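In: what follows is a protein structure lacking sequence information:
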């Protein structure tokens, strides 16, 4: 089974307004798939539905061929994924507590948790702030902490929503490197980003979402040579978002 | 009381330690160790305390005690504080005193919440006894109500007036009069006197010089002090407040039966049923010559307050 | 006299502390549960709880008196004029406060925070524990307010406890009685002790607050 996530005919309405309409999408194992499109197209909503944070109104969602029937399966699936939202949400406690949380939730032992947390912190360059109150760190540090929290549990799928929003170029480079490494080791990534250049750097495939519909979904190379002017312009960065 | 608390505390502590230890083995490494532990500690403390106080109540019930309901003026006079220890030492029975308004005390007697009553409202007491709520009653001692008024004495009350004449003088002079207005024994007596004078309750309310304090005796006296007004008071409360009432003094009037304040002891039906031997002992002690002497000799600021019926 | 003051103080503390603890034990879990759910009847429930915020303590006292009186349904338990009766009265006053404020604090947790917790794959129990951690400051405030209402209670405490000297008198009922008797100096001493007690309790509770919140 090569397809980790299969979404079919996903529809979602908020307050009567249709945000997603008949969206179908398949995410392959090990790939970095980016969802791009103009503002308000429904990208974040789609990502949240794929990450099980939101329920679709219609359509099916399969994880490794299985539907999410109940709370139990939902819980199991969530433990295999990592999610970094737009606002790096820091929970109460230290940076260490935040990163360790997914492991504590799984009931892992203290020594093992310490080992993993320190390793991930080292990777992301935040070892120095582990003991600090997570609400008193800078934006860049918080974003790296959120990222660490998402990957510490060695997830199979990583969902990223504008995960580099407020970072300087150095932090962006660090995180992008880790995303590529994650994918290289067999992890799947679904990425929402405004930054077409970042998408070009990272994504294997792109799904273009406009007004709640997918108008194209292919590799970057294919999209660059698409017939549709709009799609071509989009992928080359000509069209303002 | 303190010793009992210590017992309970010991008991609670041992239980707490045991439960805490066994819980420690079950606390999982879920990361919320501190929160969980706080919660467990709180739960254990609260439950232990609850159990402890439950045991305390049970013990209390077993220990010998009776509940005496009386009025606030009796309690505040300090008479009971002075004489009850004698009963408690002789009989080993503790008397729990609850001080209420007259009506409330009688109501408690009716409902069976009090084993005995010490009140001073003969009319209401008669009804109480007729309805069978009390099985024994004796009018044990008395004192008089006193008329308190401003040192300037605008109504011109002199020593030959009796209370009815004094009230009429106040009415005619339109002098400030402060009423308790709370249906206490004192208030009821005040209304009786106005009635004897032939003055209508409603007319009184319309007079601007008539002040309804709606309060206890102490507060009413203070209001009278502020307003330089007259008021009807029981002697015990007045004696205790006298120093603070700089504008007032006791009006000398002729003593007549109308201002007599009779105090009675009643054993309630519930009391005799639930605590027969204790209420018996209390009754005998109250009626004894020794106790009557103590009541007669009780003083506030060196002045006697009560006169006993021998 | 020192005995009397000590006794009243210990009783005040014991009765109010136990009442508040019980209110917290019941109110925090229930409030958390209610705060987490999206309920259709929520507005009605909230109004109901808020009404009880300002529930006249003397009415609570009257109700409990009628309940525990010899003539009442629970008269056989002989709980009237005892400390447990006072604990019950103060519990009824503190409970709505702890419940309502906990509920408000938990429902005020932002969506992003809820998402960040949910996406970890938490079990229901874990979810609740994490919500509690996030709402900790609000919940603590609720407990403090509940304690305040319990320890300052005088009307209900008097009605169900009777203010029996040496048995059920607490600082507040003693202050009232001695003021009524004109012993102002003694009443003031008790008042100062009561305030000092409250301050000490709040000082300890405030230290549990999460310092990191802006």
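Out: Received the coordinates, thanks. Quick caveat, the model's predicted, so the values are computed rather than measured.

In: near chain B, which residues of chain A show up?
Out: By the rule C-beta under 8 Å from any C-beta of the partner chain, the part of chain A lying against chain B is A:97, A:100-101, A:104-105, A:107-110. Backbone N, C-alpha and C define where each C-beta goes, glycine included.

In: out of the residues you listed, flag the one nearest to chain B.
Out: Checking the residues of chain A next to chain B against chain B by C-beta to the nearest C-beta gives residue A:104 as the nearest, at 3.3 Å.

In: which of the residues of chain A next to chain B tops the neighbour count?
Out: Within the residues of chain A next to chain B, most neighbours by other C-beta atoms under 10 Å in any protein chain shown means residue A:101, with 26 neighbours.

In: OK, contacts around that one?
Out: If you count contacts by C-beta atoms under 8 Å, 6 or more residues apart in numbering or on different chains, residue A:101 has them with A:91, A:149, B:31, C:120, C:130.

In: next, format these as CSV and append distance to residue A:3 and secondary structure.
Out: Formatted as CSV, the contacts of residue A:101 follow (distance: C-beta to C-beta, whole Å; DSSP: H, G, I helix; E, B strand; the rest coil):
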residue, distance to residue A:3, secondary structure
A:91, 33, coil
A:149, 27, helix
B:31, 34, coil
C:120, 25, coil
C:130, 32, helix
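
In: pLDDT and distance to residue B:201 added to these, as CSV?
Out: Shown next, in CSV, are the contacts of residue A:101 (pLDDT from 0 to 100; distance: C-beta to C-beta, whole Å):
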residue, pLDDT, distance to residue B:201
A:91, 92, 70
A:149, 95, 78
B:31, 46, 73
C:120, 92, 75
C:130, 90, 67
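
In: in the helix or strand hosting residue C:177, what counts as buried?
Out: According to DSSP states H and E, residue C:177 maps onto helix C:171-181. Neighbour-count burial for helix C:171-181, counted by 16 or more other C-beta atoms under 10 Å in any protein chain shown, picks out C:171-181.

In: how far off centre is that helix?
Out: 22 Å (C-alpha atoms, centre = their mean, to the nearest Å).

In: check stretch A:86-95 too.
Out: For stretch A:86-95, the distance to the chain centre is 17 Å (C-alpha atoms, centre = their mean).

In: do stretch B:176-187 as well
Out: 16 Å.

In: and residue 8, what does it touch?
Out: I'll assume chain A. So residue A:8 contacts A:24, A:59-62 (C-beta under 8 Å, 6+ apart).

In: that's the wrong chain, I meant chain C
Out: C:169-171, C:174, C:190.

In: quick check, nearest of the residues you listed to chain B?
Out: Closest to chain B, out of all of these and judged by C-beta to the nearest C-beta, is residue C:169, at 10.5 Å.

In: packing partners for the helix or strand following the helix holding residue C:177?
Out: As assigned by DSSP H and E, the chain's next helix or strand after helix C:171-181 is helix C:184-207. Helix C:184-207 sits against helix C:2-36, helix C:136-151, helix C:171-181, with contacts defined as 3 or more C-beta pairs under 8 Å, 6 or more residues apart in numbering or on different chains; DSSP states H and E.

In: run the last query once more with 6 Å
Out: If contacts are counted by 3 or more C-beta pairs under 6 Å, 6 or more residues apart in numbering or on different chains; DSSP states H and E, helix C:184-207 sits against helix C:171-181.

In: quick one: secondary structure of the closest residue to residue C:32 other than its chain neighbours?
Out: Leaving aside its chain neighbours, residue C:32 sits nearest to residue C:106 (5.1 Å; criterion: C-beta to C-beta, 6 or more residues apart in numbering or on different chains). With DSSP: H, G, I helix; E, B strand; the rest coil as the basis, residue C:106 sits in helix.

In: quick check: the gap between residue C:106 and residue C:117.
Out: As judged by C-beta to C-beta, to the nearest Å, residue C:106 and residue C:117 stand 12 Å apart.

In: okay, those two: which has more neighbours?
Out: residue C:106 (24 against 21).

In: which residues touch that one?
Out: C:32, C:35, C:131, C:135 (C-beta atoms under 6 Å, 6 or more residues apart in numbering or on different chains).

In: state the pLDDT value of it.
Out: Looking at residue C:106, its pLDDT stands at 91.

In: tell me the secondary structure at residue C:80.
Out: Strictly by three-state DSSP, residue C:80 counts as coil.

In: partners of the helix or strand containing residue A:33 in the sheet?
Out: Element membership of residue A:33, judged by DSSP H and E, is strand A:32-36. Here strand A:32-36 is paired, per DSSP bridges, with strand A:188-192 (parallel), strand A:205-210 (parallel).

In: who touches it?
Out: Residues outside strand A:32-36 that contact it (C-beta under 6 Å, 6+ apart) are A:27, A:43, A:183, A:189-192, A:199, A:202-209.

In: all strands in chain B, in order from the N-terminus.
Out: Assigned by DSSP state E, the strands in chain B fall at B:65-71, B:94-100, B:116-119, B:134-150, B:177-179, B:210-212, B:230-234, B:248-250, B:260-268, B:299-300, B:303-304, B:307-308.

In: compile the ones you listed into a markdown table and extend it with columns for distance to chain A.
Out: Shown next, in a markdown table, are the strands of chain B (distance: least, C-beta to the nearest C-beta, whole Å):
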| stretch | distance to chain A |
| --- | --- |
| strand B:65-71 | 51 |
| strand B:94-100 | 49 |
| strand B:116-119 | 59 |
| strand B:134-150 | 64 |
| strand B:177-179 | 60 |
| strand B:210-212 | 57 |
| strand B:230-234 | 62 |
| strand B:248-250 | 64 |
| strand B:260-268 | 59 |
| strand B:299-300 | 62 |
| strand B:303-304 | 67 |
| strand B:307-308 | 72 |
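
In: now the ones you listed in a markdown table, with distance to chain C and mean pLDDT?
Out: Putting the strands of chain B into a markdown table (distance: least, C-beta to the nearest C-beta, whole Å; pLDDT from 0 to 100) gives the following:
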| stretch | distance to chain C | mean pLDDT |
| --- | --- | --- |
| strand B:65-71 | 7 | 92 |
| strand B:94-100 | 4 | 92 |
| strand B:116-119 | 14 | 95 |
| strand B:134-150 | 14 | 93 |
| strand B:177-179 | 16 | 94 |
| strand B:210-212 | 18 | 92 |
| strand B:230-234 | 13 | 93 |
| strand B:248-250 | 14 | 93 |
| strand B:260-268 | 10 | 93 |
| strand B:299-300 | 11 | 89 |
| strand B:303-304 | 16 | 88 |
| strand B:307-308 | 23 | 92 |
